[in-house]
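S.K.: What would the 3D arrangement of this be:
(chains A and B)
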Amino acid sequence: MSEYVLEMSGVCKSFPGVKALDQVQLKLRPGKVHALMGENGAGKSTLMKCMFGIYKMDAGQILMDGKPVTITDPMDALKKGIAMVHQELQPIPARTVGENIFLGRYPMKKALGFIPVIDHKKMYDDTAELLKRVRMSFDPKQKVGELSVSQMQSVEIAKAVSANCRVLILDEPTSSLTANEVEALFRIIGDLKAENVAIVYISHKMDEILRISDDVTIMRDGRYIGTWEAKELTTDQIIRQMVGRELTNLYPSKSNKPGEIVFEVKDFTSINPRSFRDVSFQLRKGEILGVGGLVGAQRTELMEGIFGIRSHIKGQVFYKGKELHINRPKDAIDQGIAMLTEDRRGSGIMGVLSVADNISISSLNKYLDYGCFINGKKVEQLVQDNVQKMNIKTPSSKTQIKSLSGGNQQKVLVGRWLANNPDVLILDEPTRGIDVGAKYEIYCIIADLAKEGKSIIMISSEMSELIGMSDRIMVMCNGRVTGFVDGQEATQENIMAYATQFN
Amino acid sequence: MEVKKEVSFAKKFAKIVTGNPIVFLLLIAAVVVGCLKDNFFSWANLTNLMSNTAIRFLIALGVSGCLITKGTDLSAGRQVGFAAVVAGIMCQRGDYNGRLWKFLPEMNIGLVFLVVVAAGLIWGLINGLIVTKLHVPPFIATLGTQTIIYGISLVISDAQPIGGFQKIYTTLINGRIGDVKGFHLPYLLFVAGVFGVAFWFIYNKMRFGKYMYAIGGNDVAAEVSGVNTTKTLIRIYTTAGIMYAVAGYLLAAKSGGASASMGQGYELEAIAGCTIGGVSTTGGIGTVPGILVGVLVFELLKIILQFLGVNPYYNYVVQGLVIVLAVSLDIRKYIAKK
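M.R.: The predicted structure is shown next:
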């Protein structure tokens, strides 16, 4: 018998243009909590999805009890005793706890001796039993939609336990839990350890990691850095291993000079109590303000709140000393603010429409003849100007934007916003999913805009990008601003220290 | 060189045929029927086809905005019926015994037109407000208003057929230009033409049209880009209401009578016509010429079935099959591209 219940080794996985995993290994001991750590995009989730059969590995092998296995899909993983509680829970809110737990594998019985029907009594009895095991005392017939987030999570864990799992993956399980709920979760984890279940624990929260984990594996940029025993490590050591990458010369030199304060946000608070709160910051003319933080720090939500996509209950926004009242994006745009959203497909491009339609949609007022008819030549001129200025590769202005590469789509969207000649630009992960060459071009555009005197807010989850581009970095954690770092003095360590300030 | 050119032309032609299979199947069917039946290729039949298509085209233009923005409007047919009933009642002769609204003097038919259009505008506005402000999905919202509107039509018409129109109402709208061997250009054709051109301009050259396509392409992105999606959607449903009112006003005169059941099922014909004409059910795609072709082809289908002497009940079966086939082929185009 092997010492490990599950071993992954030499795992490689590529996506078009990106090598997400490169020779990664992970060894899980039964009855131990194994923390998997790394920056956003280090490949933790990809590795787990390979283990759980959601992704197919390009190379590498998985051993269970020392014997090689192939995991074809999540159903297969469950059969082999691997269960996963996803970061974003996906329950069916209108169905009961029992139905959610036994979805797809309902206990059956024969009515009248031959009609197969669901054995509801057995299902709810079993559910009650399972809930007891995870120390939850609610009714198995309660609708999942009525539960709190932590209770839903317990249901997910109960579901995993019901599969008699030997390996349980918890992906950021505490990101939306209160302190008490975290304690409850830790008690469940303790029980599972006692039952010899191996637990993979993905989290950014250092104190939790050091408290509950036995082993720690650190990944960086899709590579395996090492595995240590938790008691040998300190927070500082973990952070250094997570971020310790060399900064390469991937950024254009900047020559912008931040001027007077033009834009100010005061006490901005979301309508959602778990989202951003009491955020205040200032932005200078010609300044690039980076916004750093971990996934779930509510950076996107904050900026979308300012831009009028999400609601706030408290707070003010000032532009050149005048207060702005923004209820929908149009209000912000009319005041000279632009926002390049994070989710390019979801809230950026209009896929089936042409490049010309996509680039002109927010500035159509500029191309009108007689105040109402759109002048096609002016729109074409806009497209051609942008194609030249930003080196956009498109067969024609009539091409559907969805057939362009991600980088070119992004440039079209940048062009869309620049057509309005905004003074404040909010860029949310402007280089996500874009290849290295196009990235550099986008950095150059950003640097040029700042030089022209435009004020830029750039959310980024890439440390090196934040440090390489920003004049100043605002760091958020858990909905609050935890600190500002000057661009010159920024290091991955001091940003990470603010980003993990959970209290 | 010349050979090469011909190959590319053949390829282009093949692409058009495979891109619009239903259209070409029906054209072939029309040719076949035309060869079998003597009267099919007659001027009278062509005139008939044109005036039928004209009114259906107006309704299809109305519903097209809803479809392009991923919505629908099931109240279209009942709105047409409502407009026909109101127009019919108000256009009755002053000396007609069966007048419903005796308190009214004999009305100017131009004024009636304005009243009917205003009523259509209000129905459309109500649909738009339900969809945008109450966030009821368009399918359900317009299912509800469809029933409401039918009920009101029954109430105001007393569920009776309405006749006794002023002569000028029927003659003007059924008017036509020229008479060559039974071939005429009905006025309705010009009305449809004017609206067709106007819609082409709105859809291609005006902000409203661009915003409509943007919402259909990605409503979140449209909102983020500064499109007031609420206002645009309300306008789309309101415009649709106006188009149904125009169609209803014309339809009553064309038929020489009106009743609450008029226009029943027209919403489905209009949606079918749009879909056959390439309006995508996934949103963001659809052109005015395409809609015209779709409606024309659907009317052609009806006439073909009529000439073949198919039992009228079976007509519905065939029409239904064509709708399903058209949409499934349309969706295949997008699946293949993924």
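
S.K.: which SS state does residue 160 fall under?
M.R.: Going with chain A. helix (DSSP: H, G, I helix; E, B strand; the rest coil).

S.K.: so what's the residue nearest to it when sequence neighbours are not counted up against?
M.R.: Nearest residue to A:Ala160, sequence neighbours excluded (C-beta to C-beta, 6 or more residues apart in numbering or on different chains): A:Ala83, at 3.4 Å. For glycine as for every other residue, the C-beta is placed from the backbone atoms N, C-alpha and C. For A:Ala83, the contacting residues are A:77, A:159-161, A:163, A:165, A:167-169, by C-beta atoms under 8 Å, 6 or more residues apart in numbering or on different chains.

S.K.: okay, A:Ala83: pLDDT?
M.R.: For A:Ala83, the pLDDT comes out at 90.

S.K.: cool, and the one 4 residues further on?
M.R.: The score at A:Gln87 is 70. That number is its pLDDT.

S.K.: Next: A:Lys402.
M.R.: At A:Lys402, pLDDT is 87.

S.K.: thinking again about what came up before, so what pairs up with the residue nearest to A:Ala160 in the strands?
M.R.: A:Leu168 (DSSP bridges).

S.K.: secondary structure element for the closest residue to A:Val379 other than its chain neighbours?
M.R.: For A:Val379, ignoring the flanking residues on the chain, the nearest one in space by C-beta to C-beta, 6+ apart is A:Ser360 at 4.8 Å. Counting by DSSP states H and E, the element that carries A:Ser360 is helix A:355-360.

S.K.: now swap in B:Gly62 and tell me
M.R.: helix B:43-68.

S.K.: what's that helix packed up against?
M.R.: helix B:76-90, strand B:183-186, helix B:187-205, helix B:207-217, helix B:229-255, helix B:266-276, helix B:288-307 (3 or more C-beta pairs under 8 Å, 6 or more residues apart in numbering or on different chains; DSSP states H and E).

S.K.: Go through the next helix or strand after the last one and flag the buried ones.
M.R.: When you say that, I think you mean helix B:288-307. Sequence-wise, the next helix or strand downstream of helix B:288-307 (DSSP H and E) is helix B:312-337. Buried residues in helix B:312-337, counted by 16 or more other C-beta atoms under 10 Å in any protein chain shown: B:315, B:319, B:322-323, B:326-327, B:329-330.

S.K.: and the residues you listed as CSV, adding distance to chain A?
M.R.: Formatted as CSV, the buried residues of helix B:312-337 follow (distance: C-beta to the nearest C-beta, whole Å):
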residue, distance to chain A
B:Asn315, 34
B:Gln319, 28
B:Val322, 25
B:Ile323, 22
B:Ala326, 19
B:Val327, 17
B:Leu329, 17
B:Asp330, 13
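
S.K.: Among those, name the least confidently predicted one.
M.R.: Lowest confidence among the buried residues of helix B:312-337: B:Asp330, with 71.

S.K.: Could you tell me the phi and psi values at the most centrally placed residue in chain A?
M.R.: Nearest to the mean C-alpha position of chain A, by C-alpha atoms, centre = their mean, lies A:Val295 at 4.8 Å. Dihedral angles of A:Val295 (phi, psi; degrees, to the nearest 10) stand at phi -60, psi 130.

S.K.: Surely it and A:Glu172 touch.
M.R.: Yes. If you go by C-beta atoms under 8 Å, A:Val295 and A:Glu172 touch, sitting 7.4 Å apart.
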